[in-house]
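# Turn this into a structure:
(chains A and B)
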2 protein chains.
Amino acid sequence: MSYLDSITIPTLLLDENKCRKNMQSMADKAMRNHTRLTPHFKTHQSRLIGDWFQGIGIGEINVSSIKMASYFSEQNWQNIHIAFPFNPLEAHHLDELAHQSSVSIQLVNEEVTKSLAQQLKIPVGFFIEIDAGYGRTGVEAWDYEKIEKILQAARPTNKLYFKGFYIHAGHTYQADIAGISKIHEETKNALKKLRSKFKEDFPTMVTRSGDTPSCALMENFEGIDEISPGNFIFYDLMQTAIGSCHKEDIAVALAVPIVDIKEEKNEILVHGGAIHLSKEYLMNADGSKNYGEVVLLNENGWNLSEETSYLKSISQEHGLIQASTGLVNQLKVGDLIGILPVHSCLTADCMGEFWSTEGQIIDHLSGQKRQLPT
Amino acid sequence: MSYLDSITIPTLLLDENKCRKNMQSMADKAMRNHTRLTPHFKTHQSRLIGDWFQGIGIGEINVSSIKMASYFSEQNWQNIHIAFPFNPLEAHHLDELAHQSSVSIQLVNEEVTKSLAQQLKIPVGFFIEIDAGYGRTGVEAWDYEKIEKILQAARPTNKLYFKGFYIHAGHTYQADIAGISKIHEETKNALKKLRSKFKEDFPTMVTRSGDTPSCALMENFEGIDEISPGNFIFYDLMQTAIGSCHKEDIAVALAVPIVDIKEEKNEILVHGGAIHLSKEYLMNADGSKNYGEVVLLNENGWNLSEETSYLKSISQEHGLIQASTGLVNQLKVGDLIGILPVHSCLTADCMGEFWSTEGQIIDHLSGQKRQLPT
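Residues are numbered from 1 along each chain as shown, chains lettered A, B, ... in the order given. Sure thing, here's the model as predicted:
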């Protein structure tokens, strides 16, 4: 009996082999480039996958909230870095957490630094987040005055110690390969300059950077001590479109039941929508939207289809597939098919757990202790 | 002490007064129009809000999955209709559920009807879903041959009994008021014709229809016995843009902590992103995206801001607000602000629970028994 026989509702499948291969491949690349892999765990949010990372020697990780840090603090990590501008309302949670694990935080302004310097009871390290062009968050790379103010605000206490600079160049997601190269150069240059300016005062400081496109596509990481990509663990259609991976590398697919087929329109209706996949989409060449692509499930995982069939529209729980004629002819109502997600981080968060293609349930933070009626 | 004092992370607030007002207002409208309100519960997915509906005399409801039906089957409903093309892989779950509650299902093809006619052990009613132009799901309104085949397939058994026709005219979401009127006329005409054709053979049959835009904006429901809107319970910015409600009617807002302010750019960075709000957006007049609008929180709920400030970009957990100068000047890092969601159904599903503005925790199916580390 295949693991597929027990699936009756939308279920997120994880191909363990692909996932471990993506993991090893990024670890090898980091080693080849004399940089250290400190992966971001926002994509998988899974302790079991955390175990797999520990199995290949990873000791420091990044997360995006105190809640996520707490979840992983039950495992033995050398350091958990909360790579999100610190939310001062959570200062007391930080103390609780720091009591249990070695954690570090991210600072982007003087006010929060000052307030933590006064409040914290247990020492934590901090990275200063740098904006080298993304425009989302962080101190502008040229703004040494602001950096100095943050360092200054941390100085009076022994509760905050400077660990280095952190960049997330998320604008690579909107760039082509030439654009990614340019952004990567800017990131490296910004970090090199910062290092040369601050290394003397802070000899143990490191530079950390890592969006998946740069880490997957670039080959020179000079100036970057640690890379912190997250999405590479699963990849997805967005990364395929950018060029970071092939569709064969995508390690997750949403299994969905077919509830209707309209042969005359080549449409397949599935139970699988925005609450399962998220509403992230790609634009097809003709301007239509693509919310995910069909793969054919089998006992060991899935096969790519020769002709593309894709989700052309989704609502809360419905998904409508524009299918190739070949696909329509081989399927019937009551069959399961797979959907490669556009953005695997959001799909995993929506789903709250994974089923490995071996039939094992794999944890995800967002589904913890969720016990839904069946 | 205000309920706000205990909020430190993104938290979905529910204004009970607004919610109850939206509920009563739709019930009154149904009564005025001699149609029965059978609300869809996909938006709130909350037993407590189910209690409120029972309090105003509602007895029959719609849900979008067997899982959701199971959740509400612990309450005493006259009927729970699973308004989603039936997934034949869940036939045995349906039997379990029908043992416990009066449930009905939705059928759109002959195959599933035949297979259920053979498999079911406990009688359930069914609606045939009709597509009167939306193009997502259902039998085309003119396709009497297909309708007859479904009825025929159900006939040999006493386990499936016909309840009527169901339409969800979801294309009103993309229409202006003239378009909504046109769609509403088409819906009513389709249902009237179906009724006149099938009423003789099925004298107890009913017609059910109900997207929120039509139910909120239209005044004549002739031909529709039962209306089944869902979103009206909370409304959201999408409904405001359509014209179904005013911003003052929106009953949910996401409270988010401010983690950085860039005065020179009028930008506010908050902890609140795609995993909290969903990636649903509206287009502003200038072509930019709007993922939610800022409201000012107070002890009793929130106030609309005079000048619009909105989320111009979101990633997994970050939200970047384009703020009015007035807003930037009155806020500081560590303050909470509210975000009116673009699509409240998805935001509620992402968040998994609500906090009433009285500080009470209100259940949502997607967060059941979730006990996250704090």
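# now A:Thr132: how far from A:Glu186?
Check again: residue A:132 is Ala, not Thr. 5 Å (C-beta to C-beta, to the nearest Å). In this view, the C-beta of every residue, glycine as well, is placed from N, C-alpha and C.
# do the same with A:Lys163
Between A:Lys163 and A:Glu186 the computed distance is 22 Å (C-beta to C-beta).
# more crowded one of A:Ala132 and A:Glu186?
Comparing A:Ala132 with A:Glu186 by neighbour count (other C-beta atoms under 10 Å in any protein chain shown), the higher total belongs to A:Ala132, at 25 against 16.
# Give me the pLDDT for that one.
Each residue has a pLDDT score; the one for A:Ala132 is 87.
# Over to the one 5 residues further on?
At A:Thr137 the predicted local distance difference test score is 92.
# Now do the contacts for it.
A:Pro85, A:Val108, A:Glu129, A:Asp131, B:Val259, B:Asp260, B:Leu269, B:His318, B:Leu320 (C-beta atoms under 8 Å, 6 or more residues apart in numbering or on different chains).
# try it again with 10 Å
A:Thr137 makes contacts with A:84-85, A:106, A:108, A:129-131, A:168, A:170, B:259-260, B:262, B:267, B:269, B:315, B:318, B:320, as judged by C-beta atoms under 10 Å, 6 or more residues apart in numbering or on different chains.
# Tell me the bridge partners for A:Ile61.
Here A:Ile61 sits in beta bridges with A:Ile80, going by DSSP bridges.
# Let's see the strand or helix carrying A:Ile130 as CSV, backbone CA atoms only.
In this assignment (DSSP states H and E), A:Ile130 forms part of strand A:124-131. Provided in CSV are the C-alpha atoms of strand A:124-131 (Å, rounded to 0.1, in the frame of the first residue of the first chain):
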residue,chain,number,x,y,z
VAL,A,124,22.4,38.3,24.2
GLY,A,125,24.4,39.0,21.1
PHE,A,126,23.1,41.3,18.3
PHE,A,127,23.6,41.8,14.6
ILE,A,128,23.0,45.2,13.1
GLU,A,129,20.8,44.7,10.0
ILE,A,130,22.1,46.6,6.9
ASP,A,131,20.0,47.7,4.0
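# That one and chain B in contact?
Yes - using C-beta under 10 Å from any C-beta of the partner chain, strand A:124-131 comes into contact with chain B via A:Glu129, A:Asp131.
# on that earlier part again, between A:Ala132 and A:Glu186, which contacts overlap?
A:Ala141, A:Ile167, A:Ala169, A:His171.
# just curious, which of those is nearest to chain B?
Checking the shared contacts of A:Ala132 and A:Glu186 against chain B with C-beta to the nearest C-beta, the nearest one is A:His171 at 11.0 Å.
# How about residues contacting the helix or strand following the strand holding A:Ile130?
As assigned by DSSP H and E, the chain's next helix or strand after strand A:124-131 is strand A:139-140. Defining contact as C-beta under 10 Å, 6+ apart, one finds that strand A:139-140 is touched by A:107-110, A:128-133, A:145-147, A:149-150, A:165, A:190, B:260, B:262, B:264.
# So, low pLDDT: which residues of the stretch 1-150 of chain A?
Regions of the stretch 1-150 of chain A meeting the criterion pLDDT under 70 cover residues A:1.
# Return the subset of the shared contacts of A:Ala132 and A:Glu186 lying in helices.
Residues of the shared contacts of A:Ala132 and A:Glu186 located in helices (DSSP state H): none.
# looking at those, which has the most residues close by?
Within the shared contacts of A:Ala132 and A:Glu186, most neighbours by other C-beta under 10 Å means A:Ile167, with 28 neighbours.
# Relative to chain B, how far out is the closest residue to that one other than its chain neighbours?
With sequence-adjacent residues excluded and distances taken as C-beta to C-beta, 6 or more residues apart in numbering or on different chains, A:Ile167 is closest to A:Ser209, at 4.2 Å. Distance, A:Ser209 to chain B, using C-beta to the nearest C-beta, to the nearest Å: 16 Å.
# A:Ser209: how many residues sit nearby?
So A:Ser209, with other C-beta under 10 Å, has 27 neighbours.
# what's near enough to touch A:Val328?
Neighbouring residues of A:Val328 by C-beta under 10 Å, 6+ apart: A:Ile261, A:Lys262, A:Glu263, A:Glu264, A:Lys265, A:Asn266, A:Glu267, A:Ile268, A:Ser309, A:Ile321.
# thought the first one was touching A:Ile321?
Yes - using C-beta atoms under 10 Å, A:Ile261 is in contact with A:Ile321, at 9.3 Å.
# who touches both of the two?
A:Glu267, A:Ile268, A:Leu269, A:Val270, A:Leu327, A:Val328, A:Leu331.
# top strand in chain A by residue count?
Using DSSP state E, we find that the single longest strand of chain A is strand A:252-262.
# relative orientation of that strand and strand B:124-131 in degrees?
Angle, strand A:252-262 to strand B:124-131, by axes from the mean of the first three to the mean of the last three C-alpha atoms, to 10 degrees: 80 degrees.
# which other helices and strands contact the helix or strand just after strand A:252-262?
The C-terminal neighbour of strand A:252-262 among helices and strands, as given by DSSP H and E, is strand A:267-271. If you count contacts as 3 or more C-beta pairs under 10 Å, 6 or more residues apart in numbering or on different chains; DSSP states H and E, strand A:267-271 packs onto strand A:252-262, strand A:292-298, strand A:310-314, strand A:318-322, helix A:325-330, strand A:336-341, strand B:79-85.
# In JSON lines: those, plus distance to B:Ile49.
Shown next, in JSON lines, are the helices and strands packed on strand A:267-271 (distance: least, C-beta to C-beta, whole Å):
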{"stretch": "strand A:252-262", "distance to B:Ile49": "27"}
{"stretch": "strand A:292-298", "distance to B:Ile49": "31"}
{"stretch": "strand A:310-314", "distance to B:Ile49": "25"}
{"stretch": "strand A:318-322", "distance to B:Ile49": "23"}
{"stretch": "helix A:325-330", "distance to B:Ile49": "40"}
{"stretch": "strand A:336-341", "distance to B:Ile49": "31"}
{"stretch": "strand B:79-85", "distance to B:Ile49": "15"}
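# I'd assumed A:Lys121 was in a strand, is it?
No - secondary structure assignment places A:Lys121 outside any strand; it is coil (DSSP: H, G, I helix; E, B strand; the rest coil).
# care to break chain A down by domain?
Residue ranges for the domains of chain A, per automatic domain parsing: A:3-12+A:246-367, A:16-234.
# any chance of those in JSON lines, plus distance to B:Phe72?
Shown next, in JSON lines, are the domains of chain A (distance: least, C-beta to C-beta, whole Å):
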{"stretch": "domain A:3-12+A:246-367", "distance to B:Phe72": "15"}
{"stretch": "domain A:16-234", "distance to B:Phe72": "29"}
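# where does A:Ile183 land in three-state SS?
helix.
# pretty sure it is in contact with A:Gly135, am I right?
No - contact criterion C-beta under 10 Å: A:Ile183 and A:Gly135 do not qualify, at 11.9 Å.
# any shared contact partners between the two?
In contact with both A:Ile183 and A:Gly135: A:Gly170, A:His171, using C-beta under 10 Å, 6+ apart.
# Those two: which has the busier surroundings?
A:Ile183 (23 against 15).
# Just the local confidence number for that one, please.
Per-residue pLDDT puts A:Ile183 at 96.
# can you map out the helices along chain A?
A:16-32, A:47-55, A:66-72, A:91-100, A:110-119, A:144-154, A:177-198, A:212-217, A:237-242, A:274-277, A:325-330, A:344-351.
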